[in-house]
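Undergrad: any chance you could fold what I've pasted below:
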Amino acid sequence: MPSLHDPIRIGAIDAKNRVFMAPLTRGRATRAHVPTPIMAEYYTQRASAGLIISEATGISQEGLGWPYAPGIWSDEQVEAWKPIVKAVHAAGGKIVCQLWHMGRIVHPDFLGGQKPVSSSATTAPDAAHTYDGKKPYEEARALPIAEIPRLLADYDRAARNAIAAGFDGVQIHAANGYLIDQFLRDGANFREDRYGGSIENRVRLLTEVTQTVADAIGKERTGVRLSPNGAIQGVDDSNPDALFSAAAAALSRIGIAFLEMREPGPEGTFGTANHPPVAPKVKQAFDGPLILNSDYDGASGQAALNAGQADAIAFGRTFIANPDLPARIAEGVPLAKDNAKTWYSQGPEGYIDYPARDEAKAA
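TA: Numbering: from 1, shown residues only. Presented below is the predicted three-dimensional model:
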C-alpha cells in the first residue's frame, strides 16, 4: 500500500506526497475581498504539502459572506492572487483554488440588504459573522431556474480566473451546508422543479456546475469537495448513502481529477451514532482519487491508505500550527497546537508566526 509520503498524480497535477492541505478560512484578505501579500508567506510556508487546497474563495459578491475572505471574480483579485500562487510554485508546491458560494449563509449585510439565495426559501440556524459582529441569519430566496445560467456563468468566470492567476486547478466547494450542499440535501431542498425532490434532481446543480467548470478549464484540473454525513449549518439528508453515492457516480462520469470528502463524527470518530461512514460507498462509486479529511493524524491517515479507504489525506487545523506537517509526520514528532483565537483575526499573529520544526528547535 502507498505511504503518505509517496507521490500521486491527481488529474494534471503531480503531487509529491499524499499529505494534502485542506481548505482553511483564515480571514486575511481586505474588506473588498482582495488577497493580501501576507497570504503569500502563509501558503509558501506550507508548500511541502503534496497539494494545497486554498481557503474558500468567493466566486461572486452574491456568494461571499465571510469578513475578510478572498474572492476571485474581479481583475483586482486575480492580480492579487498571482504573486501568492507564484510564491507557492517557487517553493516547489502545488495549489488549487477552492470555489465558494455560501448560499443562505450570506447575511444581507454583504449584499446591500438584498436576500441571499438558496435552493429554497429557508433560514440557516445560529448567527452570521459580519463586519458588525454576529447577526441572526435571514431567510433566503429560492434561486429561480431562470437565474441558474447566471450562477453557472459565475462559476465559469471564477474557474477561468483561477487559471489566469496561476492556480494548478480548482476545487468546487459542494460541502458544509453551503449553496450546492443546500441543493443536494433534502433537509434544505424543498423544491418541486427539476432541481428538487428526487436524488437525481437534487444532484443536478452539482453536476451542472462541475461540467461547466470542467468545460472551462479541463476536467483534469477540476476537483470537488463533499461532506456526506451529519448536519452542517442546518443542512442534512435523510438518506446520505444513496445521495452521495449518486453524486460520486455523477462526478465520476464527468471524469474530474479528484474528490475530497469531509466526514467528521463525534469525538474524532467517523460516521455518526446512528449511521456508519458514507465514504466506503462513495469510494465504490467514484473512479478517481479519493481524498479523506477530518480528524486524521499521521497514524490514522496512513491506516486509511493501508485499508484502501483513500488515496490521500487532507489535513486541516493541524496545518495551521505545523507549516512543515509532512516532515513532522514522517519523523513522528509531536505536533504543535494552534490558537483558535487567531483563526480568523487579521495580521500575522497565529498566521505566519508558527515556526517550522527546525526553527523551533533552534529557538
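Undergrad: where along the chain do the strands fall?
TA: Applying DSSP state E to the chain gives strands spanning 8-10, 13-15, 19-21, 52-58, 95-100, 117-118, 127-130, 133-136, 141-142, 169-173, 222-226, 258-262, 290-293, 312-315.
Undergrad: looking at the ones you listed, which is nearest to Asp338?
TA: Distance to Asp338, taken as C-beta to C-beta, is lowest for strand 312-315 among the strands of the chain, at 11.9 Å. All C-beta atoms are positioned from the backbone trio N, CA, C, and that covers glycine.
Undergrad: so what strands line up beside that closest one?
TA: strand 19-21 (parallel), strand 290-293 (parallel) (DSSP bridges).
Undergrad: just to check, Ala249 is in contact with Phe286?
TA: Yes - using C-beta atoms under 8 Å, Ala249 makes contact with Phe286 at a distance of 7.3 Å.
Undergrad: mind checking which of the two has more residues around it?
TA: Neighbour count, other C-beta atoms under 10 Å: between Ala249 and Phe286, Phe286 has more, with 24 against 15.
Undergrad: which residues does the more buried one contact?
TA: Contact criterion C-beta atoms under 8 Å, 6 or more residues apart in numbering gives Ala248, Ala249, Leu251, Ser252, Leu259 as the residues in contact with Phe286.
Undergrad: please produce a ChimeraX select command covering the buried subset of these.
TA: To isolate the buried members of these in ChimeraX, using 16 or more other C-beta atoms under 10 Å:
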select :248,251,259
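Undergrad: got CSV for the contacts of Phe286, with distance to Asp6 and pLDDT too?
TA: Output for those, formatted as CSV (distance: C-beta to C-beta, whole Å; pLDDT from 0 to 100):
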residue, distance to Asp6, pLDDT
Ala248, 24, 98
Ala249, 28, 98
Leu251, 24, 98
Ser252, 23, 98
Leu259, 19, 98
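Undergrad: state the phi and psi torsions of the closest residue to Gln233 other than its chain neighbours.
TA: Of all residues not flanking Gln233 in the chain, Gly177 sits nearest, at 3.1 Å (C-beta to C-beta, 6 or more residues apart in numbering). Taking degrees, to the nearest 10, you get phi 80, psi 10 for the backbone angles of Gly177.
Undergrad: can you report how many residues neighbour Gly177?
TA: Neighbours around Gly177, by other C-beta under 10 Å: 23.
Undergrad: thinking again about what came up before, winner for burial among the strands paired with strand 312-315?
TA: For the strands paired with strand 312-315, the largest average neighbour count (mean count of other C-beta atoms under 10 Å) is found in strand 19-21, namely a mean of 27.
Undergrad: circling back: what would the strands paired with strand 312-315 look like in CSV with distance to Leu226?
TA: CSV is the format used below for those (distance: least, C-beta to C-beta, whole Å):
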stretch, distance to Leu226
strand 19-21, 15
strand 290-293, 10
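Undergrad: as a markdown table, the ones you listed with distance to Gly347 and mean pLDDT would be great.
TA: Below are the strands paired with strand 312-315 laid out as a markdown table (distance: least, C-beta to C-beta, whole Å; pLDDT from 0 to 100):
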| stretch | distance to Gly347 | mean pLDDT |
| --- | --- | --- |
| strand 19-21 | 21 | 98 |
| strand 290-293 | 27 | 97 |
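Undergrad: of all these, which lies closest to Glu79?
TA: Nearest of these (C-beta to C-beta): strand 19-21, 23.6 Å.
Undergrad: which members of the contacts of Phe286 are the farthest-apart pair?
TA: Spanning the widest gap among the contacts of Phe286 are Ala249 and Leu259, at 11.0 Å by C-beta to C-beta.
Undergrad: measure the residue nearest to Gln233 to Gly196 for me?
TA: According to C-beta to C-beta, to the nearest Å, Gly177 stands 17 Å off from Gly196.
Undergrad: ok, now Ile352?
TA: According to C-beta to C-beta, Ile352 and Gly196 sit 44 Å apart.
Undergrad: swap in Asn229?
TA: Taking C-beta to C-beta as the measure, Asn229 falls 22 Å from Gly196.
Undergrad: compare the two (neighbour count), which wins?
TA: Ranked by neighbour count (other C-beta under 10 Å), Asn229 and Gly196 place Asn229 first, with 26 against 18.
Undergrad: which among the strands paired with strand 312-315 is found nearest to Ala327?
TA: Taking the strands paired with strand 312-315 one by one with C-beta to C-beta, strand 19-21 is closest: 9.4 Å.
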